[in-house]
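Chemist: Sequence and predicted structure below; questions after.
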Amino acid sequence: MSEKPVSVITGGAGFLGSHLCDKLIENGHKVICLDNLITGNLENIAHLFGNENFRFIKYDVTEFIYVEGRVDNILHFASPASPIDYLKFPIQTLKVGSLGTHKALGLAKAKKARFLLASTSEVYGDPEIHPQPESYWGNVNPIGPRGVYDEAKRFAEAMTMAYHRYHGVDTRIVRIFNTYGPRMRLDDGRVLPTFISQALKGEDLTVFGDGSQTRSFCFVDDLVEGIFRLLNTDFHEPVNIGNPDEITILEFAEEVLKHTNSKSKITFKELPVDDPKVRQPDITLAKKLLNWEPKISREEGIKITLDYFRKKLGMS
């Protein structure tokens, strides 16, 4: 029998990284998870401790990365990913997008491993094209408060393509749109956990602006399936993975109130600087290339996520 593929996941104790650890192990991989735990959480991977195919190393990937033995895949998911986190850790966000990507690509080059970069829909900024195809170059403010994340990811994409073109590294780039599901932090500042925790605690739901801005929410299992399929192609250009089912923030707040049977009210606050007005992936490429599209409806996904949050709050 051939040996199991060995996959390194940076940021593997985070929300998405931990689900990827599960996915790869389920599909016969050995996983080495690297995380410095500034936004990751050991609880997300606690169920994997003791699994012979899993190893956790507390590590800051902006330093030189050394991993003993064979490595077949490197999935670079290390980065603060919510506005609350990257505003709290602006320098670390820029460093993990630049230095961290450089070090992870260096490991891929040294090991002749396949490299997959977790990029983001934020590379499109506040888009002037809707929905956003991969060919759109974006409308990004490099010096605004969100620029630390947006530009880190744009640089990471440029560095990844440079390593592909100059060093011949076998690279992939996934542009991830809004994703939700179990293991999100209640306090991570993104709209879904914020609304759900406010509704469950009986607090007012905070809508920024008039709530007419849109988002598209993809359940984590769908997203991880798309990423896994992308890893196993030989396509090097960026690919959008997300759910094109678009909804306004105000409609979404009303949906959460309905699902939670909450008596909370909706209050309005000023829109943050550079908050995107629209966000919807064009997934034509993912459908064609990966034969992928989301399967889990928002109603079903929210129910699963609600159960998780109720347990976290000790309400179930």
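Modeler: Done, it's in. What you see is a predicted model, and the numbers here were worked out from it, not measured in a lab.
Chemist: ok, Leu16 touching Ala78?
Modeler: No. With contacts counted by C-beta atoms under 8 Å, Leu16 stays clear of Ala78, the gap being 10.7 Å. C-beta coordinates here come from the backbone N, C-alpha and C atoms, glycine included.
Chemist: Could you check which of those two has the larger neighbour count?
Modeler: Between Leu16 and Ala78, Ala78 has the larger neighbour count (other C-beta atoms under 10 Å), namely 31 against 24.
Chemist: hang on, that one packs against Gly100?
Modeler: Yes. In this structure, Ala78 sits in contact with Gly100. The criterion is C-beta under 8 Å, and the distance is 5.4 Å.
Chemist: Common neighbours of those two, please.
Modeler: Both Ala78 and Gly100 are in contact with Thr10, Val61, where contact means C-beta atoms under 8 Å, 6 or more residues apart in numbering.
Chemist: Am I right that Gln239 is in a strand?
Modeler: Rather than Gln, residue 239 is Val. Yes. According to DSSP: H, G, I helix; E, B strand; the rest coil, Val239 belongs to a strand.
Chemist: Can we start the residue count at 10 from this point?
Modeler: Yes, from this point I'll number from 10; that puts the last item at Val248.
Chemist: Please name the residues that touch it.
Modeler: The contact partners of Val248, by C-beta under 8 Å, 6+ apart, come to Glu143, Arg181, Ile182, Val183, Arg184, Leu239, Leu294, Ala295, Leu298, Leu299.
Chemist: Tell me the buried residues in the helix or strand where Leu29 lies?
Modeler: Leu29 is located in helix 24-35, with elements delineated by DSSP states H and E. Buried residues in helix 24-35, defined by neighbour count with 16 or more other C-beta atoms under 10 Å: Phe24, Leu25, Gly26, Ser27, His28, Leu29, Cys30, Asp31, Lys32, Leu33, Ile34.
Chemist: which strands and helices sit next to that helix?
Modeler: Helix 24-35 sits against strand 15-19, strand 39-44, strand 82-85, helix 229-240, with contacts defined as 3 or more C-beta pairs under 8 Å, 6 or more residues apart in numbering; DSSP states H and E.
Chemist: Please produce TSV containing those, extended by mean pLDDT.
Modeler: Compiled in TSV, the helices and strands packed on helix 24-35 are given as follows (pLDDT from 0 to 100):
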stretch	mean pLDDT
strand 15-19	98
strand 39-44	98
strand 82-85	98
helix 229-240	98
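Chemist: The ones you listed: which one's closest to Thr71?
Modeler: Checking the helices and strands packed on helix 24-35 against Thr71 by C-beta to C-beta gives strand 15-19 as the closest, at 10.2 Å.
Chemist: Show me what counts as buried in the top helix by length along the chain.
Modeler: Taking DSSP state H as the assignment, the helix of the chain that covers the most residues is helix 156-176. Residues 156-163, 165-166, 168-170, 172-173 are the ones in helix 156-176 that count as buried (16+ other C-beta under 10 Å).
Chemist: cool, and stretch 62-76?
Modeler: The neighbour-count criterion (16+ other C-beta under 10 Å) identifies Asn62, Phe63, Arg64, Phe65, Tyr68, Asp69, Val70, Thr71, Ile74, Val76 as the buried residues of stretch 62-76.
Chemist: tell me the contacts of the first one?
Modeler: Yep, that's Asn62 we're talking about. Lys13, Ile34, His38, Lys39, Val40.
Chemist: Put the buried members of those residues into a ChimeraX selection.
Modeler: Command for ChimeraX that selects the buried part of those, burial taken from 16+ other C-beta under 10 Å:
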select :34,38,39,40
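Chemist: hmm, back to that, quick one: the helices and strands packed on helix 24-35 as TSV, columns for distance to Leu214 too.
Modeler: Shown next, in TSV, are the helices and strands packed on helix 24-35 (distance: least, C-beta to C-beta, whole Å):
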stretch	distance to Leu214
strand 15-19	34
strand 39-44	31
strand 82-85	34
helix 229-240	22
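Chemist: among those, which is nearest Ser91?
Modeler: Nearest to Ser91, of the helices and strands packed on helix 24-35 and by C-beta to C-beta, is helix 229-240 at 14.4 Å.
Chemist: List the buried residues of that closest one.
Modeler: Buried residues in helix 229-240, defined by neighbour count with 16+ other C-beta under 10 Å: Val229, Asp230, Asp231, Leu232, Val233, Glu234, Gly235, Ile236, Phe237, Arg238, Leu239, Leu240.
Chemist: Now do the nearest residue to the third one once chain neighbours are set aside, the pLDDT please.
Modeler: So the one you mean is Asp231. Distances taken as C-beta to C-beta, 6 or more residues apart in numbering place Pro303 nearest to Asp231, at 4.2 Å, with adjacent residues excluded. Pro303 carries a pLDDT value of 98.
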